[in-house]
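Novice: coords please:
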Amino acid sequence: MDEQQVKLIEALERYTESYPKDGWGWGAKALTLDELENDEEALLAWEKNIKLDPSDRFKWRIRMKESTLERLRS
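Specialist: Down below sits the predicted model:
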């Protein structure tokens with residue numbers, strides 16, 4: 001992980017700590033962690049994102065969560 005990625009994760013962690021009920025923040029954190037292949041933390045963030053914002057018309061977040069879970073299992 002490079003310095004810019006570390007700063008992004010730190011900013012997202014501060015955001016979710018300040019606004020723990022904001023689904024957007026958890027989604028942004030989940031996507032970022034997923035891209036960095038930090039699957040365990042991404043899965044937790046996906047779960048919080050989906051719980052806080054269940055309106056997922058195209059089910060893409062659920063598919064992203066399932067994809068992350070599959071990587072953890074393999």
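
Novice: buried stuff in the lowest-mean-pLDDT helix or strand in the chain?
Specialist: Ranked by mean pLDDT, DSSP states H and E, the weakest helix or strand in the chain is helix 60-73, scoring a mean of 90. Buried positions in helix 60-73, judged by neighbour count with 16 or more other CB atoms under 10 Å: 61, 64-65, 68. For every residue, glycine as well, the C-beta is placed using N, CA and C.

Novice: Look at residue 27 and say how many residues are nearby.
Specialist: Other residues within reach of residue 27 by the criterion other CB atoms under 10 Å amount to 20.

Novice: I'd assumed residue 51 was in contact with it.
Specialist: No. Applying CB atoms under 8 Å as the test, residue 27 and residue 51 come out as separate, 11.3 Å apart.

Novice: What is the longest helix along the chain packed up against?
Specialist: The residue-count maximum for a helix in the chain (DSSP state H) belongs to helix 3-18. Under the contact definition 3 or more CB pairs under 8 Å, 6 or more residues apart in numbering; DSSP states H and E, helix 3-18 sits against helix 23-35.

Novice: check contacts around the residue nearest the centre of the chain.
Specialist: Closest residue to the average C-alpha location of the chain: residue 30 at 1.1 Å, with CA atoms, centre = their mean. For residue 30, the contacting residues are 42, 45-46, 48-49, 61, 64-65, by CB atoms under 8 Å, 6 or more residues apart in numbering.

Novice: Is it possible to get these out as JSON lines so that each row also shows distance to residue 17?
Specialist: Listed next are the contacts of residue 30 as JSON lines, based on distance: CB to CB, whole Å:
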{"residue": "42", "distance to residue 17": "17"}
{"residue": "45", "distance to residue 17": "13"}
{"residue": "46", "distance to residue 17": "18"}
{"residue": "48", "distance to residue 17": "12"}
{"residue": "49", "distance to residue 17": "15"}
{"residue": "61", "distance to residue 17": "21"}
{"residue": "64", "distance to residue 17": "22"}
{"residue": "65", "distance to residue 17": "22"}
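
Novice: of these, closest to residue 2?
Specialist: Residue 2 lies nearest to residue 42 out of those, by CB to CB, at 18.0 Å.
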